[in-house]
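Visitor: Got a predicted model here, sequence first, then my questions.
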Amino acid sequence: MKDLLKRLLGGRAGPARGVSEAAGAKLGFEPPEHLRVRPGGAVPESALPRVSIVILNLNGRHHLQPCFDSLRQLDYPVDRLDVVLVDNGSDDGSVEEMRARHAWVRLHVNERNLGFSVGCNQGAELSPKAEVLVFLNNDMRVAKDWLKELVAPLVRRECVATTSKMWSWDGKVLNSAGGGMNFHGLGIQRGYEEPPSPAFDAPMKTLFACGGAMAMDAAEFRRIGGFDGEFFAYYEDVDLGWRTWLAGGEVHYVPGSQCWHHHSSTSRRLPIEMVRLIQVRNPVLACFKNYDDEHLRQVMPAILSLFVRRMWMNSGLHEKDAEFRIEQATNPASSMFRRMLEKAQARFDETIEFRRIGAADLVALNDLLGNWDHWMERRKGVQALRRRPDSEIFALFQKPFWCIEGERGYVELQKGLVTFHELDRIFPPDNLPPPR
């Protein structure tokens, strides 16, 4: 999976969390002081809310036993706990195993894969009595007190959403300790593949809750529209977290809520161009929906420019560059030049090889540009939720200028765009608090 994401994104891969992932980039050890939170005291058992844990599954039969065994051991009142598995059209015997071994879990079976976003929203709809919705990957095992710790800040009304400390399966390194984002929408998992450190034990504000292990006030989840079903998968958690802050809520990282992640392989069974399309499209859609008007006008030219540069890098056209260069044509005498033009016109309808991964970028970009009215309407709905200005959200990005590509032209372009569009004036420096 990590190799797949490197090929898709051109950078370091982040932790796979089911069918939604965010790129990994080190955010540094110490959380900025302005993002630290001081949680209240322990929550008495009588105050614990009614919780519904929603788990999505697609051909993950091999993950089910350890996941549900750990959930069985939760130290949480059974009369306030409901578990729902939404199966997205598995054909590996997952449904049969659930019915045979885990009949205590409510099961909803889709005939086909509807995606992470829609599947999670279905689980929420199937849980109308839940006060808190929890979303957990099927390739997780959880600590006994995982759920109590995860919902405690919600009970104390310190925030409306929380995310866990996620470890690798063997517990040697972290998978996630909160998240950030660069200015063009690429999500970042703090602590990814880093060893344990006291810095990761500090509760803090985070831009988004990783959808692999998160809790959210059910009423707030519904008020702001849940996961965006049009994202299908990938970055739907980044979008939801950003929208939560925009709408006036807060998202907190809760290190006392611990779980262990066994990398899934759902995306490996899909053609690389299908995964690539939603991986590169959804960050742009999140930016288009969530930035306010002023900042969208300022960042959108840079977002599109970087998108096109990455499309070019993945197209393979750089290997055929000379075919398009008239200055490299041989014998530019006028008669020869005329024959060249005639020949070029005759070849106008001929095709040239364009790599599928580059073509996926073009299709992804057209999902926005070719459906402008639709996304403007979607954007209007999100902006109507606004209760907090962008200036109060940008510090949560933590790495706004993180550059995903190391290619010289891309790095040069990003630096130039940041300067030309004066983006360094609106975003705080990486990992530093905003100016007073």
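Guide: Perfect, thanks for sending it.
Visitor: Give me the buried positions along stretch 44-62.
Guide: By neighbour count on 16 or more other CB atoms under 10 Å, the buried set for stretch 44-62 is 48-49, 51-61. C-betas here are computed from N, CA, C, even on glycine.
Visitor: Would you format these as CSV with distance to residue 197 and pLDDT included?
Guide: Shown next, in CSV, are these (distance: CB to CB, whole Å; pLDDT from 0 to 100):
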residue, distance to residue 197, pLDDT
48, 30, 98
49, 32, 98
51, 30, 98
52, 33, 98
53, 29, 98
54, 31, 98
55, 30, 98
56, 31, 97
57, 33, 96
58, 34, 95
59, 35, 94
60, 31, 93
61, 35, 94
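Visitor: can you count the residues close to residue 294?
Guide: By other CB atoms under 10 Å, 11 other residues sit near residue 294.
Visitor: Leaving out sequence neighbours, find the closest residue to it.
Guide: residue 390 (7.9 Å; CB to CB, 6 or more residues apart in numbering).
Visitor: Which ones among the buried residues of stretch 44-62 lie within strands?
Guide: With strands taken from DSSP state E, the overlap with the buried residues of stretch 44-62 comprises 51, 52, 53, 54, 55, 56, 57.
Visitor: domains for this protein, by residue range?
Guide: 2-269, 317-346 (automatic domain parsing).
Visitor: For residue 406, find the nearest of those domains.
Guide: In terms of CB to CB, the element of the domains of the chain nearest to residue 406 is domain 2-269, at 7.9 Å.
Visitor: Please, which helix or strand holds residue 214?
Guide: Element membership for residue 214 (DSSP states H and E) is strand 213-217.
Visitor: can you pull the buried residues of stretch 270-280?
Guide: 272, 273, 275, 276, 277, 278, 279, 280.
Visitor: Could you do stretch 173-187 as well?
Guide: Neighbour count says stretch 173-187 has 174-187 buried, by 16+ other CB under 10 Å.
Visitor: same thing with stretch 214-228?
Guide: 214, 215, 216, 217, 218, 220, 221, 224, 225, 226, 227, 228.
Visitor: Between these, which sits nearest residue 125?
Guide: Of the buried residues of stretch 214-228, the one sitting nearest to residue 125 (CB to CB) turns out to be residue 226, at 8.8 Å.
Visitor: Excluding chain neighbours, what is closest to that closest one?
Guide: residue 121 (4.7 Å).
Visitor: check contacts around residue 427.
Guide: 183, 394, 397, 400, 401 (CB atoms under 8 Å, 6 or more residues apart in numbering).
Visitor: neighbour-wise, which of these leads?
Guide: residue 183 (26 neighbours).
Visitor: correct me, but that residue touches residue 301?
Guide: No. Under the criterion of CB atoms under 8 Å, residue 183 makes no contact with residue 301, lying 12.0 Å away.
Visitor: got a list of what the residue nearest to residue 294 touches?
Guide: Contacts of residue 390 (CB under 8 Å, 6+ apart): 291, 292, 294, 295.
Visitor: measure residue 174 to residue 218 for me?
Guide: 28 Å (CB to CB, to the nearest Å).
Visitor: Residue 308 now?
Guide: Applying CB to CB to residue 308 and residue 218 gives a distance of 41 Å.
Visitor: Ok, residue 272 next?
Guide: 37 Å.
Visitor: next one: residue 391
Guide: In terms of CB to CB, residue 391 sits 29 Å off from residue 218.
Visitor: Over to residue 157?
Guide: Applying CB to CB to residue 157 and residue 218 gives a distance of 14 Å.
Visitor: okay, the buried residues of stretch 270-280 in CSV with distance to residue 383 and pLDDT next?
Guide: Formatted as CSV, the buried residues of stretch 270-280 follow (distance: CB to CB, whole Å; pLDDT from 0 to 100):
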residue, distance to residue 383, pLDDT
272, 34, 92
273, 32, 93
275, 30, 93
276, 29, 95
277, 26, 96
278, 23, 96
279, 25, 95
280, 24, 96
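Visitor: Of the residues you listed, which belong to helices?
Guide: 272, 273, 275, 276, 277, 278, 279, 280 (DSSP state H).
Visitor: mind putting those residues in a markdown table, distance to residue 369 included?
Guide: Formatted as a markdown table, these follow (distance: CB to CB, whole Å):
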| residue | distance to residue 369 |
| --- | --- |
| 272 | 23 |
| 273 | 19 |
| 275 | 21 |
| 276 | 18 |
| 277 | 14 |
| 278 | 16 |
| 279 | 18 |
| 280 | 14 |
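Visitor: Quick check: the nearest residue to residue 223 once chain neighbours are set aside vs residue 367, distance?
Guide: Excluding the flanking residues, the one nearest residue 223 by CB to CB, 6+ apart is residue 247, at 7.4 Å. Distance, residue 247 to residue 367, by CB to CB: 24 Å.
Visitor: And for residue 239?
Guide: Separation of residue 239 from residue 367 (CB to CB): 15 Å.
Visitor: So those two - more neighbours on which side?
Guide: Here residue 239 and residue 367 are compared on neighbour count by other CB under 10 Å; more neighbours surround residue 239, at 26 against 17.
Visitor: does that one belong to a helix or a strand, and which?
Guide: Counting by DSSP H and E, the element that carries residue 239 is helix 236-246.
Visitor: between that helix and strand 213-217, how many degrees?
Guide: Helix 236-246 and strand 213-217 are oriented at 30 degrees to each other (axes from the mean of the first three to the mean of the last three CA atoms, to 10 degrees).
Visitor: ok, whatever helix or strand comes next after helix 236-246: who's next to it in the sheet?
Guide: Where DSSP H and E defines the elements, the next helix or strand beyond helix 236-246 is strand 251-261. In the sheet, strand 251-261 lines up against strand 140-142 (antiparallel), strand 161-168 (parallel), strand 204-205 (antiparallel) (DSSP bridges).
Visitor: Quick check: residue 240 touching residue 210?
Guide: No. Look at residue 240 against residue 210 with CB under 8 Å: they stay out of range, at 10.7 Å.
Visitor: more crowded one of those two?
Guide: residue 210 (31 against 27).
Visitor: wait, is the more buried one part of a strand?
Guide: No. Counting by DSSP: H, G, I helix; E, B strand; the rest coil, residue 210 is not found in a strand; it is coil.
Visitor: Surely residue 396 touches residue 35?
Guide: Yes. Counting by CB under 8 Å, a contact exists between residue 396 and residue 35, whose distance comes to 7.2 Å.
Visitor: what's the overlap in contacts for these two?
Guide: Listed as contacting both residue 396 and residue 35 by CB under 8 Å, 6+ apart are 205, 206.
Visitor: Thanks a lot, see you next time.
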